[in-house]
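Undergrad: what's the 3D shape of this:
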Amino acid sequence: MKPHLCSQFLVFIMDKLNVLLLGGGGREHAMAWKMAQSPLLNQLCIAPGNGGTAEVGTNLPFGDSDFEAMKMAILEKNISLVIVGPEAPLVKGVSLSKMMTQLSMLKLLGQAQKEHS
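TA: Numbers count the residues shown, from 1 in each chain. Down below sits the predicted model:
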């Protein structure tokens, strides 16, 4: 079976991932539960998480829009992928924040913020 992904992405997913999932609701619990089953996962951190996410990963004690705490956790835990569950961090500019531009190897998965004129 031939892979259909570009070689850079294959390199990215060949190593086990340290993932930060932002959010603390039921949607994030379902996402965390499923991600925890992946053989590609090394470590799953959830901020702020909830009781259910604590069963499948490590809850971190900061809000999903606390960009400074997020940056520190990303660096300390060697996070390679950030998945944004709720809309609030995207609306507040998580993808455009200085943190994301400073951490060039970091990948972000979340709906793009729409431009309004």
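
Undergrad: burial count for residue 45?
TA: For residue 45, the count of nearby residues is 22 (other CB atoms under 10 Å). No exception for glycine: its C-beta is placed from N, CA and C like everyone else's.

Undergrad: quick one: it and residue 77 touch, right?
TA: Yes. Between residue 45 and residue 77 there is a contact at 5.9 Å, judged by CB atoms under 8 Å.

Undergrad: what touches both of the two?
TA: By CB atoms under 8 Å, 6 or more residues apart in numbering, residue 45 and residue 77 have these common neighbours: 18, 20.

Undergrad: what about the chain, any weak spots by pLDDT?
TA: 1-14, 86-117 (pLDDT under 70).

Undergrad: 80 instead?
TA: 1-15, 64-65, 85-117 (pLDDT under 80).

Undergrad: for it, what spans make up the helices?
TA: Using DSSP state H, the helices of the chain run over 7-14, 26-35, 67-76, 88-91, 98-102.

Undergrad: Take the second one, keep the C-alpha atoms, and write them as CSV.
TA: Which is helix 26-35. Output of helix 26-35 as CSV, limited to C-alpha atoms (Å, rounded to 0.1, in the frame of the first residue of the first chain):
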residue,chain,number,x,y,z
GLY,A,26,-17.9,16.8,26.2
ARG,A,27,-16.6,17.2,22.7
GLU,A,28,-13.0,17.3,24.0
HIS,A,29,-13.6,14.3,26.2
ALA,A,30,-14.8,12.3,23.1
MET,A,31,-11.8,13.5,21.1
ALA,A,32,-9.4,12.7,24.0
TRP,A,33,-10.9,9.2,24.4
LYS,A,34,-10.4,8.4,20.8
MET,A,35,-6.9,9.9,20.5
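
Undergrad: All good on my end, thank you.
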